[in-house]
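Trainee: Give me the fold of what follows.
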Amino acid sequence: MIKHHRIETGSAELGVADTGGGGPSVLFIHGNSSCKEIFSKQFSEPMATRYRFLAVDLPGHGASGRSRGDVRQAYTIPGMAEAMIELLQTLGADDSALVGWSLGGHIAIEMMAHLPRLRGLLLCGTPPVPKKSEALAEAFLPNPAMGLAGKAEFTEDEARAYCSAIYGENVEAFQLDAARRTDGRAREAVFAGFLSGLGVDQKATVEGLDKPVAIINGRDEPFVNNAFLEKLNYRNLWGGKVHLLAHGAHVPFWRTAEQFNPLLAEFLAAAHGSN
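Mentor: I've put the predicted structure just below:
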């Protein structure tokens, strides 16, 4: 049974879904203008009873409150990573494995640099970019929807266009509602901070991790350059390769869950040292 918590952090009250139990913990972090329910196809799997699955709505997203502090800091990648670390420490789960999608992956990388007890990192739709801004052009593919990622306010048409670019033609009601509900200041601050190079050097962090790092992307990923991911010099790349799933696009865990979930189960077993 999934329990829902309201957890206070220094920046916002966070909405959390928690499968409970005494198993090793896993934190799922969603992307820009989305919500924790995007991981429902993982939470419905039998493995969710073997682990303590946690999914959180980022500050200003989903069921979480808006930031109470300086949004120019709280809504940046380092600011959100700080809130996620505080959340895990409050729940006694600071030895979690992390599953980060898109923006959530960038936040997870930041967390790995600051919380040594974390057990491993799985990224979807997240290129670990170096500090040099010119590397962004290599890490990302040109896409018209990228301009909406940092837009403070969405019209109804823009919300639908953004969701279609992220999820594909068959956008579900909860996905569109999440885009509408998101505090637009979060999009604005995240995008500005990202372009200015706030936070750790993500490329160096991911390449240097001795914990297992899994990369699972759609082969038809519309935003991230998979070739960039394949040429990084990983210290501990799980499976020895970047996993590319046919028709997964930007959300392989959603669109191709039947391919993604067995890989997730194998990764979690490796990250938590079980068979």
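
Trainee: For residue 172, give me its contacts.
Mentor: If a contact means CB atoms under 8 Å, 6 or more residues apart in numbering, then residue 172 has no contacts. Bear in mind the C-beta positions are built from the backbone N, C-alpha and C, glycine included.

Trainee: Repeat that for residue 216.
Mentor: 122, 123, 124, 243, 245, 248, 252, 253, 260, 263, 264.

Trainee: Now do it against residue 51, distance only.
Mentor: According to CB to CB, to the nearest Å, residue 216 and residue 51 sit 17 Å apart.

Trainee: likewise residue 227?
Mentor: From residue 227 to residue 51 the distance is 33 Å (CB to CB).

Trainee: the more surrounded of those two?
Mentor: Of the pair residue 227 and residue 51, residue 51 is the one with more neighbours under other CB atoms under 10 Å, namely 22 against 11.

Trainee: How about that one: what's its closest non-neighbour residue?
Mentor: For residue 51, ignoring the flanking residues on the chain, the nearest one in space by CB to CB, 6 or more residues apart in numbering is residue 23 at 4.5 Å.

Trainee: Give me the distance between that neighbour and residue 53.
Mentor: Residue 23 is 9 Å from residue 53, by CB to CB.

Trainee: who has more neighbours, the two?
Mentor: residue 53 (26 against 17).

Trainee: which residues does residue 266 contact?
Mentor: Residues in contact with residue 266, defined by CB under 8 Å, 6+ apart, are residue 239.

Trainee: Wasn't it part of a strand?
Mentor: No - assessed with DSSP: H, G, I helix; E, B strand; the rest coil, residue 266 is helix; it does not lie in a strand.

Trainee: in which helix or strand would I find residue 85?
Mentor: With secondary structure defined by DSSP states H and E, residue 85 is part of helix 77-90.

Trainee: chain center to that helix: distance?
Mentor: 13 Å (CA atoms, centre = their mean, to the nearest Å).

Trainee: Okay, buried residues for it please.
Mentor: 77, 78, 79, 80, 81, 82, 83, 84, 85, 86, 87, 88 (16 or more other CB atoms under 10 Å).

Trainee: One more: stretch 252-265?
Mentor: Going by 16+ other CB under 10 Å, stretch 252-265 has these buried residues: 252, 253, 254, 255, 256, 257, 259, 260, 261, 263, 264, 265.

Trainee: Can you report how many residues lie near residue 124?
Mentor: 28.

Trainee: ok now do the residue nearest the centre of the chain, which residues does it touch?
Mentor: Most central in the chain under CA atoms, centre = their mean is residue 104, positioned 2.2 Å from the mean C-alpha point. By CB under 8 Å, 6+ apart, the contact set of residue 104 is 28, 29, 30, 31, 58, 126.
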